[in-house]
Every structure is written in C-alpha cells, then in structure tokens.
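Student: sequence first, then the predicted structure:
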Amino acid sequence: MGDSDSQSGVTIYDVAVAAGVSPSTVSRTFSRPGRVSVKTADHVRSVALDLGYRDDSPFRSLSQGIHRTIALAVTDVTNPFYFGTLRGAQNEAIKADYSILLIDAQESASQERTNLERLLPMVDGLIVASSRLTDTLLRSVAKSHPIVILNRFVGGLPSVLPDTAHGMKLAVSHLLQLGHTSVYFLPGPDSSWMSGMRWLTLRAAAIGLGMTLHRLNPVPPTIEGGATAAEAILARQATAVICYNDLNALGLIKALRSKGASLPRDISVIGCDNLFADDLITPALTTLAAPTGLLGETAVRFVLSMIEDVAVPSSSPTTVPMRLIVRESTGRAPLPARSGHANSTSQPAPCKDLS
C-alpha cells in the first residue's frame with residue numbers, strides 16, 4: 001500500500017491543492033458526498049479526474065451518514081497515562097455534541113489495524129494515540145477521515161505531542177545539579193515512536209551538558225518490563241536512570257529495592273507521565289509530566305475543525321509544555337568509590353516543579 005491513490009501517484013493532497021480546498025473536503029467528496037455541496041463536489045471530482053486520481057483506499061468509509069462520533073485509538077487502555085487524555089477529549093467533544101469511541105489495540109499493531117478497518121465506518125473523525133502503525137497506513141486513513149496523531153509525528157498529518165526536548169533537558173539538568181555525570185536510558189518498545197524521540201532528545205540534552213549517556217535494551221511499557229532491567233542496571237553500577245514511562249520506573253524501583261539497592265542514595269530514577277501512583281511508591285517518583293487533558297482537548301478541537309471544514313490544522317507538530325516534578329526518587333550522586341558506604345551528603349531532593 002503506497003501513499004498515492006492511483007498508479008499515476010496522485011494523492012488526496014495533490015487534488016486538494018489543485019482544487020483549492022482542504023484534504024478533508026476531498027475526502028468527504030468521495031466517502032461522504034452528503035457532507036459537501038453539489039457545486040464543490042462536482043469541482044473536486046472534475047479536478048481529480050483531470051489529475052488521474054482514483055479513490056481506492058482500503059480504509060474508505062462504507063457509510064455516508066453523520067455519526068457525531070470521534071474515535072480515540074490507544075495502544076493500551078490499561079495504561080493510566082490515557083486517563084487524563086480521554087477525559088480531556090471527552091469534555092471537549094461534549095461541548096460540540098459529539099461522543100468519544102475508545103478503541104484499545106492492546107499493544108498490537110495488527111489489532112490496531114483491524115480495529116480501524118472495522119470501526120472507521122462508524123465515526124466522523126479519528127484521534128490515534130501512540131500508534132504502532134506505519135506512517136503509510138496512517139496517511140491512508142487520512143484519505144477518508146479527518147485524523148489527528150497524538151504522542152507521535154507523521155509528516156503531512158496534524159499531530160499533538162509533549163515538548164519532549166524541553167522535558168529531557170529539564171531531567172538531565174536536574175541530575176547534573178545533583179552531581180551525576182552519566183545517565184542511563186531505559187527505552188520502551190522498538191515500535192514506539194515516542195520512545196525513539198525520548199532517546200534522541202535525551203542524547204542531545206546530555207551532549208549539550210557534557211554528560212555521558214548509555215542506552216539499555218528496550219522493555220515492554222509496563223511495570224513488569226521495568227523490573228526486568230534491574231539486574232542490568234546494578235551490573236553497570238548506574239547512578240541515574242531515566243525511564244521511558246512511569247510504569248517502567250515504578251517496576252524498576254520495586255525491583256532495585258528488592259535486590260538491596262537504596263534509592264536515591266545508590267541510584268536515582270526518573271519516569272515520564274506523572275501517574276497517580278507516583279506518590280504512593282517509596283520513594284515517591286520524580287517524573288516528567290505533560291498536561292494529558294490538554295493533549296486530548298487539543299486533538300478533539302483539531303478533528304472537529306476538519307470535520308466541520310472550518311480549518312485544516314498545520315501539519316507541523318503542535319507541542320504542549322512539559323515540567324519536571326521532583327520527588328524523592330532522585331538524590332545526590334554517590335561517591336565515586338562505590339564501596340558500599342553511604343554518602344552522608346545524599347539527601348532526597350525536595351518536592352517541587354521545574355518548568
């Protein structure tokens with residue numbers, strides 16, 4: 001499946017430019033003609049015919065109706081990160097008299113694609129969060145439905161994501177201030193765009209501040225996944241670890257403590273997401289936080305603007321700010337000679353927000 005809609009290579013975006021309309025208008029002309037005026041539809045079809053465009057997307061809607069429903073597709077509905085996102089999306093949708101349909105892929109790209117194939121005919125627009133699908137497949141969906149990408153960037157499509165570069169710079173600066181000269185990154189799945197972006201921005205921040213950076217083997221984005229990295233971290237005598245998400249960090253802290261490590265005296269740990277459980281673990285987790293409710297609200301506003309043909313959001317990514325919430329899981333770096341003696345100056349950092 002390619003990005004083009006015909007053997008000539010003509011895309012929905014080519015038709016939109018030539019016709020002087022938005023890509024969503026072209027999409028509705030072919031998938032939902034009742035949503036486009038007769039004059040506009042005739043003009044778009046004429047331009048498409050001249051360009052050699054053919055609408056053959058496998059995701060083309062089979063329904064011509066208006067459902068007042070927006071799908072929110074997530075990778076794992078049990079991940080607490082999505083709680084705030086869903087609530088923000090739902091609140092914004094209700095204001096416009098729309099409903100949110102939640103779709104769970106269970107961390108499976110094949111299940112995610114099956115979900116979309118089955119449910120797209122039932123919705124007017126789509127928000128895809130942390131998708132494991134290819135860029136090509138997501139662009140194919142965009143040929144028939146307004147779509148916004150959440151927590152990921154796909155060229156040519158509107159996206160909303162945290163300001164990861166700023167967040168990682170805050171995390172590395174915090175560790176440097178505590179005397180750490182090197183940091184380890186515990187990545188999430190190889191298929192996760194966000195995990196790759198966190199690594200790239202962390203590397204840039206570490207280089208900029210003169211710190212040494214190491215990358216561990218990827219783990220599932222779960223508590224159990226984080227726990228599996230404990231032995232490797234202890235073997236490498238790491239003093240600071242930044243985890244892909246809070247679930248990984250919570251699992252890692254629990255496993256490190258079970259193996260006799262003292263946190264943050266021996267090892268400092270930072271997570272990402274600011275989950276509700278971060279205050280419940282000992283020590284409480286230092287983490288990077290994005291306003292998840294704002295992510296959901298912004299994504300819905302973008303989708304609605306395309307559904308109603310009010311405006312087409314920029315294809316440049318829209319970022320929301322991140323802040324560092326400092327709790328007890330980060331502290332001063334241990335003395336260079338790790339002989340088992342406690343560093344008498346190591347104290348947990350005070351709880352505060354850095355932005």
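Tutor: That came in fine, so what should we check first?

Student: next one: the spatially closest residue to Pro283 that is not a sequence neighbour from Ala229, what distance?
Tutor: The spatial neighbour of Pro283 that comes closest, neighbours along the chain excluded (CB to CB, 6 or more residues apart in numbering), is Glu328 at 3.6 Å. For the C-beta atoms, the positions are set from N, CA and C on the backbone; glycine is no exception. Applying CB to CB, to the nearest Å, one obtains 20 Å for the distance of Glu328 from Ala229.

Student: which SS state does the residue nearest to Pro283 fall under?
Tutor: At Glu328, secondary structure determined by DSSP: H, G, I helix; E, B strand; the rest coil is coil.

Student: equivalent analysis for Leu288, please.
Tutor: In three-state terms, and counting by three-state DSSP, Leu288 is strand.

Student: still on that earlier bit, so which of Glu328 and Ala229 has more stuff around it?
Tutor: Counted by other CB atoms under 10 Å, Glu328 and Ala229 do not tie: Ala229 has more neighbours, with 24 against 20.

Student: per-residue confidence at that one?
Tutor: At Ala229, the model reports a pLDDT of 97.

Student: and if you look at Leu51?
Tutor: The per-residue pLDDT reported for Leu51 equals 86.

Student: touching, it and Ala18? I think so.
Tutor: Yes - taking CB atoms under 8 Å as the contact criterion, Leu51 and Ala18 are neighbours in contact, 6.2 Å apart.

Student: name the residue in those two with the higher neighbour count.
Tutor: With other CB under 10 Å as the criterion, Leu51 and Ala18 differ in neighbour count, and Leu51 comes out ahead with 19 against 16.

Student: name the nearest residue to that one, sequence neighbours excluded.
Tutor: Looking at Leu51 with CB to CB, 6+ apart, the closest residue is Val10, at 4.8 Å.

Student: one more: Pro313?
Tutor: Computed as CB to CB, 6+ apart, the closest residue to Pro313 that is not its neighbour in sequence is Pro158, at 3.7 Å.

Student: how much space between that neighbour and Ser262?
Tutor: Computed as CB to CB, the Pro158 to Ser262 distance reads 46 Å.

Student: more crowded one of those two?
Tutor: The neighbour count for Pro158 versus Ser262, taken as other CB under 10 Å, is higher for Pro158 (24 against 14).

Student: so who does that one touch?
Tutor: When the contact criterion is CB atoms under 8 Å, 6 or more residues apart in numbering, the partners of Pro158 are Ile147, Val148, Ile149, Phe302, Met306, Val312, Pro313, Ser314, Ser315, Thr318.

Student: so which of these wins on neighbours?
Tutor: Neighbours here mean other CB under 10 Å. Within those, the largest count is held by Ile147, at 31 neighbours.

Student: does that one touch Asp124 like I think?
Tutor: No - applying CB under 8 Å, one finds Ile147 not in contact with Asp124, separated by 11.1 Å.

Student: now the stretch 251-355 of the chain, which segments are flagged as low pLDDT?
Tutor: Screening the stretch 251-355 of the chain residue by residue with the criterion pLDDT under 70, one finds the ranges 337-355.

Student: report the buried residues of stretch 67-78.
Tutor: Residues of stretch 67-78 classed as buried under the neighbour-count rule (16 or more other CB atoms under 10 Å) are His67, Ile70, Ala71, Leu72, Ala73, Val74, Thr75, Asp76.
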